[in-house]
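>>> sequence first, predicted model second:
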Amino acid sequence: MIWTLPDLGTESCHDRGMPSYRTEAIVLRTHKLAEADRIITLLTRDRGKVRAVAKGVRRTKSKFGSRLEPFSRVDLLIHEGRNLDIITQAELLNSYGQDMTLDYPMWTVGQSMLETSDRLTSEESVSSESQYLLLIGALRTLTSGEHDPSLVLDAFLLRSLALAGYEPTLDACVVCGVIGVQPFFHVPSGGAVCAQHRPPGSVAPKNESIDLIAALLSGDWAIADSAEMGVQREVTGIVTAYTQWHMERNLRSLPLVDRH
């Protein structure tokens, strides 16, 4: 069902000559504005990250606001404003948050996904369709319960970083380029390193851990789901460190994730 904001008619926007656009989006976060409004941060399919005002959504009788909560996938009509765009129509397509409400581990994983997408996309009207589709697929997989939430998060983080140009090198030394499985992994360098060019701070992961990272990157869930718990823990540590380093700031939601 489509809900239209009653206190900001579409006609008034047209009267002021405000151009409009329709877009599909995931709600990443919201902030209060004035007494009854909210600023909604959206990851759109075709315009990157957009911040727009939803007027009147904090009023108790507003049915519009429930469609603009984090984790909601929505189809929107938005009018371009001078400072912030204005949402005037919203159709709810999926509400992934409903499936997470009573599952704290799942909810914390979902929050980390939203924050990662927020950090890795710009507000410069640049299409982020790949990141948008990745987030949709990750939330769908997470709420389906098909795979361990921790594995789903690690896969999402690795693939998000790969889309941003930070895919870890696993099959060659990142320093000298020698091909093959290497005994060490160095987060700041971006992947595997050989014994000769191992920088300080390198770790020596199990071969099975490198295989799991590769499986999470490629979506090979047969390998990922069968990984031993010790291997999963080691990979989670590597992925967490890799994410924090290459995003250049900590994800506030990541320490809250209920890991193994």
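In hand now; what should we look at?
>>> for residue 27, list each beta-bridge partner.
residue 42 (DSSP bridges).
>>> spit out the contact partners of it.
Contact analysis of residue 27 by CB atoms under 8 Å, 6 or more residues apart in numbering lists 40-42, 68-72, 74. Using the backbone N, CA and C atoms, a C-beta is placed for each residue, glycine as well.
>>> so how far is residue 214 from it?
Shown here: residue 27 relative to residue 214, a distance of 33 Å by CB to CB, to the nearest Å.
>>> check residue 193 too.
On the measure of CB to CB, residue 193 and residue 214 end up 16 Å apart.
>>> next SSE downstream of the helix or strand containing residue 88?
Taking DSSP states H and E as the definition, one finds residue 88 inside strand 85-95. Remark: after strand 85-95, the chain's next helix or strand is helix 97-100, criterion DSSP H and E.
>>> am I right that residue 39 is in a strand?
Yes: residue state for residue 39 (DSSP: H, G, I helix; E, B strand; the rest coil) corresponds to a strand.
>>> do me a favour and average the pLDDT over stretch 154-168.
Here stretch 154-168 scores 96 as its mean pLDDT.
>>> just the CA atoms of it, as CSV, please.
The C-alpha coordinates for stretch 154-168 follow below in CSV (Å, rounded to 0.1, in the frame of the first residue of the first chain):
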residue,chain,number,x,y,z
ASP,A,154,31.7,-11.8,7.3
ALA,A,155,30.6,-12.5,3.8
PHE,A,156,28.8,-9.2,3.5
LEU,A,157,31.8,-7.2,4.9
LEU,A,158,34.2,-8.9,2.6
ARG,A,159,32.1,-8.3,-0.5
SER,A,160,31.3,-4.7,0.5
LEU,A,161,35.0,-4.0,0.8
ALA,A,162,35.6,-5.8,-2.5
LEU,A,163,33.0,-3.5,-4.2
ALA,A,164,34.8,-0.5,-2.7
GLY,A,165,38.2,-1.7,-4.1
TYR,A,166,39.6,-3.4,-1.0
GLU,A,167,39.2,-7.1,-1.9
PRO,A,168,41.9,-9.0,-0.1
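>>> buried ones in that stretch?
154-161, 163-164, 166, 168 (16 or more other CB atoms under 10 Å).
>>> for it, the distance to its chain's centre please.
Computed by CA atoms, centre = their mean, to the nearest Å, the chain-centroid distance of stretch 154-168 equals 11 Å.
>>> same check, this time on stretch 86-105
That offset, for stretch 86-105, works out to 15 Å (CA atoms, centre = their mean).
>>> pLDDT of it, averaged?
Averaging pLDDT along stretch 86-105 gives 90.
>>> likewise for stretch 217-232?
So the average pLDDT for stretch 217-232 ends up being 97.
>>> phi first, then psi, for residue 29.
Dihedral angles phi and psi of residue 29 (degrees, to the nearest 10) take the values phi -160, psi 170.
>>> ok, it - contacts?
41, 70, 114, 118.
>>> farthest pair within the residues you listed?
Spanning the widest gap among those are 70 and 118, at 10.3 Å by CB to CB.
>>> quick one: common contacting residues for those two?
Shared contacts of residue 70 and residue 118 (CB under 8 Å, 6+ apart): 28-29.
>>> what residues of the strand holding residue 88 count as buried?
So for strand 85-95, counting by 16+ other CB under 10 Å, buried means 85-90, 92, 94-95.
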